[in-house]
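1. Predicted model follows, preceded by the sequence.
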Amino acid sequence: MNLTLKIWRQKNSNSKGKMVDYPISDISPDMSFLEMLDVLNNQLIEKGEEPVAFDHDCREGICGMCSLYINGEAHGPDRGVTTCQLHMRKFKDGDTIYIEPFRAKAFPVVKDLAVDRSAFDRIQHAGGYISVNTSGNTQDANSLPVQKEHADRAFDAATCIGCGACVASCKNSSAMLYVSAKISQYALLPQGKVEAEERVQSMVNQMDAEGFGNCSNTGACEVECPKGISLENIARMNREYFKAKASTKD
Amino acid sequence: MSKSGFFNSSIGRKFAMALSALFLMIFLLQHLTINFTAVFSPETFNELSHFMGTNVVVQFIAQPILIFAVVFHFIMGFILEARNRAARPISYKRNSGGANSSWMSRNMIYSGLVILAFLVLHFIDFWIPEINYKYIEMNAADPNRYYSELLHKFENPYRVIAYIVAFILLALHLLHGFGSAFQSIGQNNKYIDGLKKFGVIYSIVIPLGFIITAVVLYMNAH
């Protein structure tokens, strides 16, 4: 396959950045998108040019590290996959492919296509945990009965890999799908209910403080999410938030 | 842990937006019900309009609440839009919004602005003359003036076209807004599919009812 890549190049977080064209040839349709970028980078290095910086780690679709806004969609045109699991057979010979970083005020560009998603970590630190001493005195997991339906829904929410595709896809750069998944996975389980009120308020406060937008319920996040996290979680987060605000005194 | 006020939070603002929307959707149903009587019974229309125009509860309790809800919905809409735009200072060179969301959901601000423009026209057409008639000129109540006044307004074909365009945009606004309001107040459960289907019917029937009323009045006026 012969392709034209239009890639966002930006030296560092302070520089301006622009789209640069890179023609690339002899790409196998069986390559992953990241492998195609590896080929490009090898060619750039051989020519003595600066390779394109992009995030990646496991390349198995489970770590949430790879990002990229490809032809106007987070993780490209395929559904239910991260960029590392996107294959070049999804494109046609002669295509022009736009490759941009995830765009949000809360996700500043570090270099080229790599963005700083530590805002997600700070939201998680604000309350995405249960305060329990796990040093050798944990009880047997099966001693605490959990309704099957709740366990399933909590598990579905917990499959969120925190890649940020929801933020990138949202016209408002809203992080509500991510935050609601993290809140839901605890709110649905007995272990998480103890701190539910504090958790939802702290995490929503942090989400707002990071500068993410509001949810317009367009549903773009759900469509683009590589793990199929449902909008149900956002409604649950809203309910949890109302409950918490209505019942906390201070 | 710092706790900000409910209505200063992203979720609280959307909740308030949804509540005002739900109130306005009930109002639209009531407004259409009265207007539609003009299509088949001018007498009933006159009677209902006279009641609405002279009843103390409607005039001095319901009307101020309605005005507050309308103004609130617009102002909150602009605040949310400004914050949402600020959340992405650099936009994408290529964005395929249509691949993952509906046109209606992405353009609520624009359909809303058309509705705002329509409301300005609507106030100039009806509300201001009504206030002027009753509270400034202090004319005596005339229970039979409403239908003829209405008919007179719809003589002008350009006004009819402007109203129809506004109602089409209202339909587009409601097609997303109805389901969205329920999601914002946390209702995404076993009833949501049924509610969304009802929402589609509501979003088409209400504006269509207003359009039919406007067209019939135009025909009756000629």
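-> Thanks, I have it. Residues are numbered from 1 along each chain as shown, chains lettered A, B, ... in the order given.
2. drop to CA atoms for contacts and neighbour counts, all remaining ones
-> Fine.
3. What's the first helix or strand after the helix or strand bottoming out on mean pLDDT in chain B?
-> In chain B, the helix or strand scored least confidently by mean pLDDT, DSSP states H and E is helix B:128-131, which has a mean of 90. With elements assigned by DSSP states H and E, the helix or strand that comes after helix B:128-131 is helix B:146-153.
4. What helices and strands are in contact with that following helix?
-> Secondary-structure packing of helix B:146-153 (3 or more CA pairs under 8 Å, 6 or more residues apart in numbering or on different chains; DSSP states H and E): helix B:42-54, helix B:192-221.
5. Could you check the helix or strand that it is followed by and say which residues are buried?
-> Proceeding C-terminally, helix B:146-153 gives way to helix B:157-184 as the next helix or strand, assigned by DSSP H and E. By neighbour count, and taking 16 or more other CA atoms under 10 Å in any protein chain shown as the criterion, the buried residues in helix B:157-184 are B:159-160, B:163-184.
6. Can you say which of the helices and strands packed on helix B:146-153 is nearest to residue A:48?
-> Taking CA to CA, helix B:192-221 is the member of these nearest to residue A:48, at 57.1 Å.
7. Quick check: mean pLDDT of stretch A:214-221?
-> Taken as a whole, stretch A:214-221 has an average pLDDT of 97.
8. who in chain B is up against chain A?
-> Counting by CA under 8 Å from any CA of the partner chain, chain B comes close to chain A at B:1-4, B:6, B:9-11, B:14, B:80, B:83-97, B:99-102, B:105-106, B:180, B:183-189.
9. Narrow the residues you listed to those in helices?
-> Counted as lying in helices by DSSP state H, out of these, are B:10-11, B:14, B:80, B:83-86, B:105-106, B:180, B:183-184.
10. For the residues you listed, work out which two are farthest apart.
-> Using CA to CA, the pair of those lying farthest apart is B:86 and B:183, separated by 23.5 Å.
11. Quick check: longest helix in chain A by residues?
-> Of all the segments assigned as helix in chain A under DSSP H, the longest by residue count is helix A:232-247.
12. gap between it and the chain center?
-> Helix A:232-247 has its average C-alpha position 22 Å from the chain's average C-alpha position, going by CA atoms, centre = their mean, to the nearest Å.
13. May I see the buried residues of that helix?
-> Buried positions in helix A:232-247, judged by neighbour count with 16+ other CA under 10 Å: A:232-242, A:244-245.
14. ok, now stretch B:19-39?
-> Of the residues in stretch B:19-39, those scored as buried under the neighbour-count criterion (16+ other CA under 10 Å) are B:19-22, B:24-25, B:29, B:32, B:34-39.
15. what's the closest of those to residue B:198?
-> Scanning the buried residues of stretch B:19-39 for proximity to residue B:198, where the rule is CA to CA, the winner is residue B:25, at 12.7 Å.
16. and that closest one, what element?
-> For residue B:25, the secondary-structure element it belongs to, assigned by DSSP H and E, is helix B:10-40.
17. so where is chain A shaky, pLDDT-wise?
-> A:249-250 (pLDDT under 70).
18. Tell me which stretches of it form strands.
-> Under the criterion DSSP state E, chain A carries strands at the ranges A:3-9, A:18-24, A:69-70, A:73-74, A:96-100, A:109-111, A:114-115.
19. Most tightly packed of those strands?
-> Among these, ranked by average contacts under mean count of other CA atoms under 10 Å in any protein chain shown, first place goes to strand A:73-74 (a mean of 30).
20. hmm, it in reach of chain B?
-> Yes. Contact check for strand A:73-74 against chain B, using CA under 8 Å from any CA: residues in range are residue A:73.
21. Then stretch A:99-108?
-> Yes. Applying CA under 8 Å from any CA, one finds stretch A:99-108 in contact with chain B at A:100, A:103, A:104, A:105, A:106.
22. Going by neighbour count, which of those residues comes out on top?
-> Neighbour tally across those (other CA atoms under 10 Å in any protein chain shown): the maximum, 30 neighbours, falls on residue A:104.
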